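Asks: sequence first, then the predicted structure:
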Amino acid sequence: MEIFDAFHLARLQFAFTVSFHIVFPAISIGMASFLAVLEWRWLLTGDVAYKDMFLFWSKIFAVGFGMGVVSGVVMAYEFGTNWSGFSTVAGNITGPLLTYEVLTAFFLEAGFLGVMLFGWQRVSPRAHFFATLMVAVGTLISTFWILASNSFMQTPQGYAVENGRIVPVDWMKVIFNPSFPYRLAHMTIAAFIVAGFIVAACGAWHLLHGRRDKPVTRSFSMALWMLLLLTPIQIFIGDAHGLNTREYQPAKIAAIEGLWETEHGGTALNLVGLPDMKAEVTRYAIQIPHLGSLILTHSWDGEIRGLKEFPAKDRPYSPIVFWTFRIMAGLGMLMLLTALLGLLLRARGRLYETRWYQWFVLCMGPSGIIALLAGWITTEVGRQPWTVYGVLRTEDSLSPISAQQAGVSLLIFVLVYFLVFGMGIYYMLKMMRRGPEEHVKRRESRKHPVLRNRALDALGEE
């Protein structure tokens, strides 16, 4: 297999750009709903700490939202430059779905974003809260349409092929295809978990540095409550999604499990191993008998089809999805452990004083993003060699471009992305390092000039 031809370079370019892109919408989706909760609590209780938290986290949201929009525009152009075959064949489906996303979600978000970020002194509190709600709803509507489009590529239905092109026959079936409900729920909760771990890690950082003010402790506490609620739900949805994938994409499941032979009477689970596509075997496998059947069929002797039952040209690349799935699942277990430990320490009254736990939460901060990326790689690589599963092959989706064009553009993307988005990420981390207290200091400094000087001095010392 030539890895430096136009086909593989174009795939690598899209994988690179989509990996950068998916992180920022995930942050935006989770953070927008968190902001809505914070403002609701402020209106309900009048506690100014909630407003301080809102003002702080809205800045993180704004940066993430902006970078998500920019990186998303780049991907839209890639469909035309590198994947015109896909656009030609499947554009009658994906084009309208992405248009609906712009018309319903992006316009809603853009229309109310300015009010949410800059309208505190210009509209009433209730009007401002309505704007925040609309931004949060807009992010969820965007998730709906993007997942509808991507899920159709995974489990297409409600279409016909006419003159070599996919055309819609039943839009309800196109949108609500077999994998859509599971993937929508899985992605939405994943975005909330991403935001939850970012907020928790930021709180842990400031707790470790001695802060115990309300914006810090409350952020830490709220994030852990959300993780305690959502992590078990995510594991349950992931299990249901796996059953759905086994039914509609059995080759993907076989590749994820590194399973080559169909085992009758019960399938073992390969905990670890090295799948070998040429030898058609998973080397150095550590197996647990019947556990594969229990997880993927919910029965002791359930049967799972092995990769050898599929033509070699139709098999996903197992060495990648085997490990990305295990990274995602392993981090999911650590997330659950994080939430449960937090509950235990909370019950003992030691949540804000246990430094080893705060270090653990801080280290777990990027885990939501890593698990998200691992899950998307599992999903997208596991769909291969199809762009639209069972209908359009990825090799037939490529534009007539040269390896030089694909390689040069990939190099440019790598340089620009690391420069632009690297600066954006650095700025987000810098804001999180300073924390929400800056808003408290600014408010107090307006009332008391002496405190203002002390606040400036303290900032200079930091």
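Replies: Okay, I see it.
Asks: and the next element down the chain from the longest helix seen in the chain?
Replies: Secondary structure of the chain read by DSSP state H shows that its longest helix is helix 6-45. For helix 6-45, the following helix or strand on the C-terminal side (DSSP states H and E) is helix 48-81.
Asks: what's the angle from that next one to helix 6-45?
Replies: Here helix 48-81 runs at an angle of 160 degrees relative to helix 6-45 (axes from the mean of the first three to the mean of the last three Cα atoms, to 10 degrees).
Asks: other residues contacting the helix or strand just after helix 48-81?
Replies: Proceeding N to C from helix 48-81, the next assigned helix or strand is helix 84-100, under DSSP H and E. Contact with helix 84-100 is made by 76, 79-80, 145-146, 148-149, 152-153, 159, 164-168, 174-175, 387-388, 392, 396-400, as judged by Cβ atoms under 8 Å, 6 or more residues apart in numbering. Heads up, the C-betas are built off the backbone N, CA and C, glycines and all.
Asks: follow-up on the earlier one: which other helices and strands does the longest helix of the chain contact?
Replies: For helix 6-45, the helices and strands in contact under the criterion 3 or more Cβ pairs under 8 Å, 6 or more residues apart in numbering; DSSP states H and E are helix 48-81, helix 125-154, helix 180-208, helix 214-248, helix 367-383, helix 403-434.
Asks: need these in a markdown table (columns: distance to I288, mean neighbour count and mean pLDDT).
Replies: Output for the helices and strands packed on helix 6-45, formatted as a markdown table (distance: least, Cβ to Cβ, whole Å; neighbours: other Cβ atoms under 10 Å; pLDDT from 0 to 100):
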| stretch | distance to I288 | mean neighbour count | mean pLDDT |
| --- | --- | --- | --- |
| helix 48-81 | 40 | 19 | 86 |
| helix 125-154 | 28 | 20 | 92 |
| helix 180-208 | 25 | 23 | 93 |
| helix 214-248 | 16 | 19 | 92 |
| helix 367-383 | 20 | 22 | 92 |
| helix 403-434 | 39 | 14 | 87 |
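Asks: still on that earlier bit, tell me which residues of the longest helix of the chain come out buried.
Replies: If you call a residue buried by 16 or more other Cβ atoms under 10 Å, then helix 6-45 has these buried ones: 6-7, 9-14, 17-39, 41-42.
Asks: quick one: that helix to helix 214-248, angle?
Replies: Comparing the axes of helix 6-45 and helix 214-248 via the same axes, to 10 degrees yields an angle of 130 degrees.
Asks: quick one, helix 6-45 and helix 180-208 angle?
Replies: Going by the same axes, to 10 degrees, helix 6-45 makes 70 degrees with helix 180-208.
Asks: work out the gap between helix 6-45 and the centre of the chain.
Replies: In terms of Cα atoms, centre = their mean, to the nearest Å, the centre of helix 6-45 is found 6 Å from the chain centre.
Asks: now do that helix and helix 367-383, the angle between them.
Replies: Using the same axes, to 10 degrees, the direction of helix 6-45 lies 140 degrees away from that of helix 367-383.
Asks: want to throw the helices and strands packed on helix 6-45 into CSV with distance to L334?
Replies: Converted to CSV, the helices and strands packed on helix 6-45 look like this (distance: least, Cβ to Cβ, whole Å):
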stretch, distance to L334
helix 48-81, 23
helix 125-154, 25
helix 180-208, 10
helix 214-248, 10
helix 367-383, 6
helix 403-434, 21
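Asks: mind listing what S318 touches?
Replies: Applying Cβ under 8 Å, 6+ apart to S318 gives the contacts A254, A255, I256, G258, P275, M277, T282, L307.
Asks: mind pulling up the pLDDT for the fourth one?
Replies: In this prediction, G258 carries a pLDDT score of 89.
Asks: how about the closest residue to it other than its chain neighbours, secondary structure?
Replies: Of all residues beyond its chain neighbours, the one nearest G258 is T282 (3.9 Å), with distances taken as Cβ to Cβ, 6 or more residues apart in numbering. For T282, the reduced secondary structure class is strand; criterion used: DSSP: H, G, I helix; E, B strand; the rest coil.
Asks: looking at it, T282 is touching I256, isn't it?
Replies: No. With contact defined as Cβ atoms under 8 Å, T282 does not count as touching I256 (11.5 Å).
Asks: overlap in contacts, these two.
Replies: Shared contacts of T282 and I256 (Cβ under 8 Å, 6+ apart): S318, F322.
Asks: pretty sure V161 belongs to a helix, no?
Replies: No. Following the definition three-state DSSP, V161 is strand and is not counted among the residues of a helix.
Asks: for it, list each beta-bridge partner.
Replies: I166 (DSSP bridges).
Asks: give me the number of residues near it?
Replies: By the criterion of other Cβ atoms under 10 Å, V161 has 11 neighbours.
Asks: tell me how far it lies from H264.
Replies: Taken as Cβ to Cβ, to the nearest Å, the spacing of V161 relative to H264 amounts to 36 Å.
Asks: same deal with L344?
Replies: 44 Å.
Asks: quick one, which of the two is more surrounded?
Replies: For L344 against H264, the residue with the higher neighbour count under other Cβ under 10 Å is L344, and the figures read 13 against 8.
Asks: name the element the more buried one belongs to?
Replies: Secondary structure here is read from DSSP H and E; on that basis L344 sits in helix 318-347.
Asks: quick check: buried residues in that helix?
Replies: 318-329, 331-332, 335-336, 338-339, 341-342, 345.
Asks: following element in sequence after that helix, please.
Replies: Moving toward the C-terminus from helix 318-347, the next helix or strand (DSSP H and E) is helix 355-363.
Asks: for that following helix, name the packing helices and strands.
Replies: Going by 3+ Cβ pairs under 8 Å, 6+ apart, helix 355-363 lies up against helix 180-208, helix 318-347.
Asks: not counting its neighbours along the chain, what's nearest H128?
Replies: By the measure of Cβ to Cβ, 6+ apart, the closest residue to H128 outside its immediate chain neighbours is G119, 5.5 Å from it.
Asks: residues near that neighbour, how many?
Replies: If you count neighbours by other Cβ under 10 Å, G119 ends up with 16.
Asks: that one is in contact with F129, isn't it?
Replies: No. Using Cβ under 8 Å, G119 and F129 do not qualify as a contacting pair, with a distance of 10.6 Å.
Asks: one step back: now, which of the contacts of S318 lie within strands?
Replies: Secondary-structure check on the contacts of S318 using DSSP state E: residues within strands are P275, T282.
Asks: quick one: which of the contacts of S318 is nearest D239?
Replies: The shortest approach to D239 among the contacts of S318 belongs to I256, at 13.5 Å (Cβ to Cβ).
Asks: who's in contact with that closest one?
Replies: By Cβ under 8 Å, 6+ apart, I256 lies in contact with S318, V321, F322, F325, T378, G382.
Asks: need those in TSV with distance to I237, can you?
Replies: Putting these into TSV (distance: Cβ to Cβ, whole Å) gives the following:
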residue	distance to I237
S318	24
V321	19
F322	22
F325	15
T378	15
G382	17
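Asks: farthest-apart pair in those residues, please.
Replies: Spatially, the most separated pair among the contacts of I256 is S318 and T378, at 11.1 Å (Cβ to Cβ).
Asks: which SS class is the residue nearest to E247 when sequence neighbours are not counted?
Replies: Closest residue in space to E247, ignoring its immediate chain neighbours: P178 at 7.6 Å, by Cβ to Cβ, 6+ apart. What three-state DSSP gives for P178 is coil.
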